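> Please find the sequence and the predicted model below.
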Amino acid sequence: MDDKNAMIAIDEISLMDMLEPDNAVILGLESLEDKEEEYSQYLGTFEYTIAYYYYERDKKITDREIIKLLTYIKYNLDKKLNYFTHSLGSELIANLVEVIEDKPITVHKFKLAIDYVLTSIDNRSWMSDRQAYLKWICYYSDINTSADDAMYVKQIKRLGKKYDISLEMIESLLVKAKDLEDEDEDEYLDPEQVARIEDFLALNDDERFDYLVENSPENLDIFMSYLFELEEKGEFEIMQKLAKRFSKKFGEMFTLHLKLGDFFFISHPNIARGYYDKALSALEKVDLIPDDLKLEISEDIKNNIKECNKINS
């Protein structure tokens with residue numbers, strides 16, 4: 001158990017002791033579906049704890065083991081907190097205790113939160129991957145490297161073709177938590193930003209090309225969106241030409257080259273490798289980023305380069 005729960009006698013108290021009692025109305029609740037926002041602290045604690053444990057500590061753990069552990073917790077709420085000796089179980093309990101103290105919940109609702117995660121795991125059982133949920137939750141939580149993300153996207157698209165899955169379902173599997181947050185923020189775009197986007201959309205392809213080269217890097221978001229649009233149209237030559245011109249004009253922007261590397265990673269890893277190399281060179285010249293953070297970014301880029309080399313070999 002973590003020091004953050006040091007004030008709690010983990011050998012004397014159980015989750016059941018901390019949870020509030022139910023009433024007839026609460027017991028009639030069948031699911032937390034469509035109530036995710038209301039119970040986001042609990043669902044998020046389960047999801048992020050599981051994601052980080054898999055990503056940072058045990059890449060061999062499987063979805064089936066997660067199901068077993070969550071079910072074990074659900075049916076042993078009366079056991080003392082130190083009863084859960086599995087390292088992930090211990091972390092979950094420690095984090096959940098904090099949430100319970102901050103936002104009390106009843107026994108039935110707590111079990112429904114566990115059921116919600118179990119259903120989420122089961123919903124990915126068709127993917128024929130022993131870690132389908134674990135890979136998804138890391139992607140959804142945005143804790144992967146860009147190379148990990150690219151491999152996940154590639155896997156989902158391959159499954160989509162294999163099982164003739166609808167585009168809508170594919171897109172749902174590729175949504176991230178931050179995308180949902182961005183959708184909320186989009187409702188509050190300032191008038192200048194809206195006008196800028198509308199002006200760009202009114203241009204033809206040639207005009208868009210010139211506009212982006214002349215008016216960036218302030219329009220990097222529009223630039224990347226336009227690259228995706230060109231990719232969908234199959235306009236690879238225009239796409240590559242625009243990327244090269246941006247790279248040449250803004251060679252000192254490591255973020256630009258990193259984004260370009262991520263963009264080309266799946267379709268053209270040989271091109272992606274070149275942009276990742278440029279990102280590394282540009283990063284070395286940046287003075288405003290702390291050394292420890294710069295080292296972390298550098299390692300991520302190098303991992304991406306290794307993945308490109310594997311694909312190209």
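Received the coordinates, thanks. Being a predicted model, the structure only gives us computed values, none of them experimental.
> surely residue 78 meets residue 13?
No: shown here, residue 78 and residue 13 do not form a contact pair, counting by CB atoms under 8 Å, at 10.8 Å. (Each C-beta comes from the backbone N, C-alpha and C, glycine too.)
> So between those two, which is more surrounded?
residue 13 (15 against 10; other CB atoms under 10 Å).
> Find the residue closest to that one in space, skipping its chain neighbours.
residue 81 (6.1 Å; CB to CB, 6 or more residues apart in numbering).
> what about that neighbour, distance to residue 61?
Distance, residue 81 to residue 61, by CB to CB, to the nearest Å: 22 Å.
> Those two: which is more packed in?
Taking neighbours as other CB under 10 Å, residue 81 and residue 61 compare with residue 81 leading, 22 against 19.
> Do I have it right that the more buried one meets residue 73?
No: look at residue 81 against residue 73 with CB under 8 Å: they stay out of range, at 10.9 Å.
> intersection of neighbour lists for those two?
Common neighbours of residue 81 and residue 73, counting by CB atoms under 8 Å, 6 or more residues apart in numbering, are 15, 93.
> Show me the contact partners of the longest helix belonging to the chain.
Longest helix in the chain by number of residues (criterion: DSSP state H): helix 291-312. Residues outside helix 291-312 that contact it (CB under 8 Å, 6+ apart): 145-147, 150-151, 254, 258, 261-262, 265, 269-270, 272-273, 276-277, 279-280, 283, 286, 289.
> The same query, at a cut-off of 10 Å, please.
With contacts defined as CB atoms under 10 Å, 6 or more residues apart in numbering, helix 291-312 is touched by 144-148, 150-151, 154, 254-255, 257-258, 261-262, 264-266, 268-277, 279-280, 283-284, 286-290.
> if I pick the residue lying closest to residue 109 once chain neighbours are set aside, what's in contact with it?
Sequence neighbours aside, residue 26 is the residue nearest to residue 109 in space, at 6.5 Å (criterion: CB to CB, 6+ apart). Neighbouring residues of residue 26 by CB under 10 Å, 6+ apart: 20, 105-109, 112.
> burial measure for residue 289, as a count.
13.
> Show the contacting residues for it.
Residue 289 touches 254, 283, 295-297, counting by CB under 10 Å, 6+ apart.
> which of these count as buried?
Buried members of the contacts of residue 289, scored by 16 or more other CB atoms under 10 Å, are 254, 283, 297.
> Could you pull up the residues touching the first one?
Residue 254 is in contact with 278-286, 289, 294, 297-298, 301, counting by CB under 10 Å, 6+ apart.
> right, and residue 229 touches residue 200 too?
No: at 11.1 Å, residue 229 does not count as touching residue 200 under the criterion of CB atoms under 10 Å.
> Give me the common contacts of the two.
With CB under 10 Å, 6+ apart, residue 229 and residue 200 have common neighbours residue 208.
> who's more crowded, the two?
residue 200 (18 against 13).
> returning to what we had before: follow the chain on from the helix or strand harbouring the residue nearest to residue 109 and name the next helix or strand.
Per DSSP states H and E, residue 26 falls inside helix 24-27. As assigned by DSSP H and E, the chain's next helix or strand after helix 24-27 is helix 40-56.
> packing partners for that following helix?
helix 63-74, helix 87-102, helix 107-122, helix 132-140, helix 177-186 (3 or more CB pairs under 10 Å, 6 or more residues apart in numbering; DSSP states H and E).
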